[in-house]
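S.K.: Requesting a structural model of the entry that follows:
(one chain, ligands or ions: 2)
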Amino acid sequence: MYDVIVIGGGVIGLSIAREIASGKSVLLLDRGATGEGASWAAAGMLSPLSEADEPGPFFELCRASHALFREFVEDLEQESGVDCGYSAAGLISLASSEESSRAFRRQYEWQRKAGFDVEFLSPGDVRSMEPLVTAKISAALFMPAEGSVIPRRLVNAIRESCIKRKVDIRTGVRVDSISKNAVRAGDAIVEAASIIVASGVWSPEIAGLDPLIPVHPRKGQILSLRMPAGAFRRMIRWQHSYFVPRNTEELVVGATNEDAGFDQSITPAGIGRLLADAQEISAHVGAYPILETWTGLRPATPDGLPNLGPSSIPGVYYATGHYRNGILLAPITAAIMAALVENRRPGVEMGPFSPARFKK
Ligand code: FAD
Ligand code: GLY
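M.R.: Ligands and ions are numbered 1, 2, ... in the order given. The predicted model follows:
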């Protein structure tokens, strides 16, 4: 009998287990080896402002998590000895059309009014900050506080920290069903006072849940290039693509967002579009060697918001559906779930994320 069972060892499940383990006994179950799902595939942007079209509870959630991130990483690095590749170099968003420029103006105005650090840049400013950008620029925004991590390292760090905090991690265990205070995996039944479903896009496969979890996959194809040391220093967004510089010599170019079910193939159309966009951002990257191509399945919900909170089964909670922001949202999700299992108020507005919105 454990205090808490967490199902899923991606960035979300591991972060929750780590947070709760300070005061409770925690068992984490993963059907694979932990960290092999969407979390492995992520670009690692910590970017609440650049992805926000409007203010509201989701933006506030992202912002609250962003505010926790630096300390989250510092603690993890200290506990695990793993360098998470954290960077806070900021993000430049580029517009090349009149329509995008107008959208940037609206974004700038509400973000400035709300007190956020966002600046309009001239094309000359962009080129002095990132000299290799060759895109046609009609408008540009700079968000100096946006950051990034290397997700595969972050997940390793969280797992190491979980082990130090005595989380019992069992891999190769697929949970088949859940009932009040118990999970079943094959012939084994394990009991706990609280159960947290954090199994990403595969959550709907678990039987016994109420309400059903309406998470579906959104495929992301993504790649990395070897760049000359320091060629790009800040993240750059242009149309539906982005650059995330890592490790001084690696440039991640992401990502497609496709409705392709559980297919994880890498296609000429997907990678072709990314490579074409990358060369629109900077003609120089056409000469950079391709290091890696990969895909992941983002766990998306019908309304695009995460599914966070109690289910209809007493003691069973959901932490799924983080879609495009699961890396960014890991620390706040962990804090929320720890508060819920300890009967404390989470301190953020939870209504829009409640699983009850999917109750039929
Ligand atoms: P996962 O990482 O998928 O983990 C779920 C885990 O549950 C897996 O380990 C799986 O094995 C386990 N599991 C499933 N079913 C069971 C079962 N029945 N029993 C036991 N275990 C089970 N987010 C950002 O914040 N910034 C980004 O820049 C970013 N870029 C992205 C780029 C791409 C291409 C993609 C695909 C995603 C990106 N994301 C980004 C989104 C982010 O990756 C996800 O939101 C996040 O990883 C979701 O984490 P998770 O732990 O919920 O799911
Ligand atoms: N947040 C980046 C992505 O989902 O591709």
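S.K.: Would you map the strands across the stretch 1-150 of the chain?
M.R.: Under the criterion DSSP state E, counting those that start in this stretch, the stretch 1-150 of the chain contains strands at 2-7, 26-30, 45-46, 91-95, 119-121, 139-143, 147-148.
S.K.: how about the ones you listed, which one is nearest residue 307?
M.R.: In terms of CB to CB, the element of the strands of the stretch 1-150 of the chain nearest to residue 307 is strand 2-7, at 13.7 Å. From N, CA and C alone the C-beta is placed, and that goes for glycine too.
S.K.: Out of the strands of the stretch 1-150 of the chain, which gets nearest to ligand 2?
M.R.: Among the strands of the stretch 1-150 of the chain, the nearest to ligand 2 by CB to the nearest ligand atom is strand 45-46 (5.3 Å).
S.K.: what's the average pLDDT for the closest one?
M.R.: For strand 45-46, the mean per-residue pLDDT is 98.
S.K.: which strands and helices sit next to it?
M.R.: If contacts are counted by 3 or more CB pairs under 8 Å, 6 or more residues apart in numbering; DSSP states H and E, strand 45-46 sits against strand 147-148.
S.K.: near ligand 2, anything from the strand it packs on?
M.R.: No - using CB under 6 Å from any ligand atom, strand 147-148 never reaches ligand 2; the gap is at least 10.4 Å.
S.K.: Check which residues of the very next helix or strand once past that strand are buried.
M.R.: Counting by DSSP states H and E, the next helix or strand C-terminal to strand 147-148 is helix 151-164. By neighbour count, with 16 or more other CB atoms under 10 Å as the criterion, the buried positions of helix 151-164 are 151, 152, 153, 154, 155, 156, 157, 158, 159, 160, 161, 162.
S.K.: The fifth one contacts residue 41, doesn't it?
M.R.: Just to be clear, that refers to residue 155. No - using CB atoms under 8 Å, residue 155 makes no contact with residue 41, being 11.0 Å away.
S.K.: Averaging pLDDT per element, find the lowest-scoring helix or strand in this protein.
M.R.: Least confident element among the helices and strands of the chain, by mean pLDDT, DSSP states H and E: helix 98-113 (a mean of 93).
S.K.: For that helix, output the C-alpha coordinates as PDB.
M.R.: Only the C-alpha atoms of helix 98-113 are listed here, as PDB (Å, rounded to 0.1, in the frame of the first residue of the first chain):
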ATOM      1  CA  GLU A  98       1.200  42.400 -43.200                       C
ATOM      2  CA  GLU A  99      -1.200  40.000 -41.500                       C
ATOM      3  CA  SER A 100       1.400  38.600 -39.100                       C
ATOM      4  CA  SER A 101       2.600  42.100 -38.400                       C
ATOM      5  CA  ARG A 102      -0.900  43.200 -37.400                       C
ATOM      6  CA  ALA A 103      -1.100  40.100 -35.100                       C
ATOM      7  CA  PHE A 104       2.300  41.000 -33.600                       C
ATOM      8  CA  ARG A 105       1.000  44.500 -32.800                       C
ATOM      9  CA  ARG A 106      -2.100  43.100 -31.000                       C
ATOM     10  CA  GLN A 107       0.100  40.600 -29.100                       C
ATOM     11  CA  TYR A 108       2.600  43.300 -28.100                       C
ATOM     12  CA  GLU A 109      -0.200  45.600 -26.900                       C
ATOM     13  CA  TRP A 110      -1.900  43.100 -24.600                       C
ATOM     14  CA  GLN A 111       1.400  41.700 -23.300                       C
ATOM     15  CA  ARG A 112       2.800  45.200 -22.600                       C
ATOM     16  CA  LYS A 113      -0.400  46.300 -20.900                       C
END
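S.K.: and it, what other elements does it pack with?
M.R.: Partner elements for helix 98-113 (3+ CB pairs under 8 Å, 6+ apart): strand 91-95, strand 139-143.
S.K.: Give me every residue in the stretch 51-200 of the chain lying close to ligand 1.
M.R.: Within the stretch 51-200 of the chain, the positions adjacent to ligand 1 are 174, 175, 198, 199, 200 by CB under 6 Å from any ligand atom.
S.K.: could you dump the residues you listed to a markdown table with pLDDT and neighbour count?
M.R.: As requested, these are exported to a markdown table (pLDDT from 0 to 100; neighbours: other CB atoms under 10 Å):
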| residue | pLDDT | neighbour count |
| --- | --- | --- |
| 174 | 98 | 15 |
| 175 | 98 | 26 |
| 198 | 98 | 29 |
| 199 | 98 | 29 |
| 200 | 98 | 27 |
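S.K.: Out of these, give me the two with the largest separation.
M.R.: The most distant members of these, if one measures by CB to CB, are 174 and 198, lying 14.2 Å apart.
S.K.: Can you read off the pLDDT for residue 22?
M.R.: Looking at residue 22, its pLDDT reads 89.
S.K.: Now tabulate the strands of the stretch 1-150 of the chain in a markdown table and tack on mean neighbour count.
M.R.: As requested, the strands of the stretch 1-150 of the chain are arranged in a markdown table below (neighbours: other CB atoms under 10 Å):
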| stretch | mean neighbour count |
| --- | --- |
| strand 2-7 | 24 |
| strand 26-30 | 26 |
| strand 45-46 | 26 |
| strand 91-95 | 25 |
| strand 119-121 | 15 |
| strand 139-143 | 22 |
| strand 147-148 | 24 |
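S.K.: For residue 257, find the nearest of the ones you listed.
M.R.: Proximity to residue 257 (CB to CB) singles out strand 45-46 among the strands of the stretch 1-150 of the chain, at 13.7 Å.
S.K.: circling back to that earlier point, take the helices and strands packed on helix 98-113 and write them to CSV, including mean pLDDT and distance to ligand 2.
M.R.: What follows is the helices and strands packed on helix 98-113, written out as CSV (pLDDT from 0 to 100; distance: least, CB to the nearest ligand atom, whole Å):
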stretch, mean pLDDT, distance to ligand 2
strand 91-95, 97, 11
strand 139-143, 97, 14
